[in-house]
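Chemist: sequence and computational prediction follow.
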2 protein chains.
Amino acid sequence: MSTTSAELDAPTAIAALAALAQESRLEIFRKLVELAPDGSTPTELVDALGIAPALLSFHLKTLLHAGLVSSEHSGRSIRYRAQIGAVQALAGYLLENCCAGEAAQCAPAAPACVPARRK
Amino acid sequence: MSTTSAELDAPTAIAALAALAQESRLEIFRKLVELAPDGSTPTELVDALGIAPALLSFHLKTLLHAGLVSSEHSGRSIRYRAQIGAVQALAGYLLENCCAGEAAQCAPAAPACVPARRK
DNA sequence: TCAATAATTCAAGTATCATTGAATTAACAC
DNA sequence: GTGTTAATTCAATGATACTTGAATTATTGA
């Protein structure tokens, strides 16, 4: 068990960082952050970002496997949502054990984005 | 001008994310975070992490160009330090315009690691 | 059932990045 | 100067990832 809520391990952190280190995926994720907490569908994202459907699907799958977005079937379309908490966990992992804990204010103190309520 | 201190652009964010999305570089950066604010030298990092000198140099250069570490010549060795603020800026960029600003607590509120004082 | 929409999967080509060992530059001590 | 340590650069290899168009699965409506 970990001391806080969601401690990351290295492979998980690398998957998330690699997923975001790509122009189209970074755009997709930031758009989904902007559209939080409702999220969006692939068709809407294709229209908004001008990415080819097959390529968007590939990128969404990468973001999904990295735990940065969630997916939920809704009729014949699929709703994707940004997982804000993944960013907070990532920042916490990067700054973990900062200054070997000697400096008082070195705790992560993750950013907060309360998703209001799910539609 | 930007509203806050250090607003990132997409290429800068991608460079930082790509730099961290690599096993050895992630280890190096987290070690430097742990050794903040004093930092470390390549020789010490070679001993601590078991990475080949030429490869470590390549990775440090990548982290340096991404703005994640700083370098300072000290005698015949070089001191590298983690740039904690880069992580805060990155988290802020990822969560920028969260929920389109509609939810009250959607502000970035970057994690804090005060580097005490420089040696 | 048939047609249409939503989204994904597949295979192929291209580009990019990590890694290694040898060679190179720079700084210090004698 | 000579030798030693610290760190980097260079060239070449191997692996990984992005992109594209066509084919496929699943769902809805007439």
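Modeler: Yep, it's here. Computed from a predicted structure; not experimentally measured.

Chemist: would you mark the buried spots in stretch A:13-28?
Modeler: Under the neighbour-count criterion of 16 or more other Cβ atoms under 10 Å in any protein chain shown, stretch A:13-28 has A:13-22, A:24-28 buried. (Each C-beta comes from the backbone N, C-alpha and C, glycine too.)

Chemist: what of stretch A:82-101?
Modeler: Buried residues in stretch A:82-101 (16+ other Cβ under 10 Å): A:82-96, A:98-99.

Chemist: hang on, the earlier thing: now, which of the buried residues of stretch A:13-28 sits nearest B:Asp9?
Modeler: Nearest to B:Asp9 among those is A:Leu26, at 11.0 Å by Cβ to Cβ.

Chemist: now that closest one: how far from A:Pro53?
Modeler: Applying Cβ to Cβ, to the nearest Å, the value for A:Leu26 to A:Pro53 is 19 Å.

Chemist: A:Pro37 too?
Modeler: 25 Å.

Chemist: between these two, which one's more packed in?
Modeler: Between A:Pro37 and A:Pro53, counting by other Cβ atoms under 10 Å in any protein chain shown, A:Pro37 is the more crowded of the two (20 against 11).

Chemist: break down chain A into its strands, ranges please.
Modeler: With DSSP state E as the criterion, chain A has strands at A:69-74, A:77-82.

Chemist: hmm, B:Glu34 and A:Ala100 touching each other?
Modeler: Yes - A:Ala100 lies in contact with B:Glu34 (Cβ atoms under 8 Å); the separation is 5.5 Å.

Chemist: shaky segments in chain A?
Modeler: Scanning chain A for pLDDT under 70 picks out A:1-6, A:103-119.

Chemist: got the buried residues for stretch A:33-52?
Modeler: A:33-37, A:39-40, A:42, A:45, A:51.

Chemist: just flag the most distant two among these.
Modeler: The widest separation within the buried residues of stretch A:33-52 (Cβ to Cβ) is 22.5 Å, between A:Pro37 and A:Ile51.

Chemist: look up phi and psi at A:Ala66.
Modeler: phi -80, psi 0 (degrees, to the nearest 10).

Chemist: in this structure it contacts A:Gln22, no?
Modeler: No - using Cβ under 8 Å, A:Ala66 is not in contact with A:Gln22; the gap is 10.9 Å.

Chemist: ok, the nearest residue to A:Leu64 once chain neighbours are set aside - how many residues close by?
Modeler: What sits nearest to A:Leu64 in space, not counting adjacent residues and going by Cβ to Cβ, 6 or more residues apart in numbering or on different chains, is A:Ser71, at 5.9 Å. The number of residues packed near A:Ser71 is 15, by other Cβ under 10 Å.
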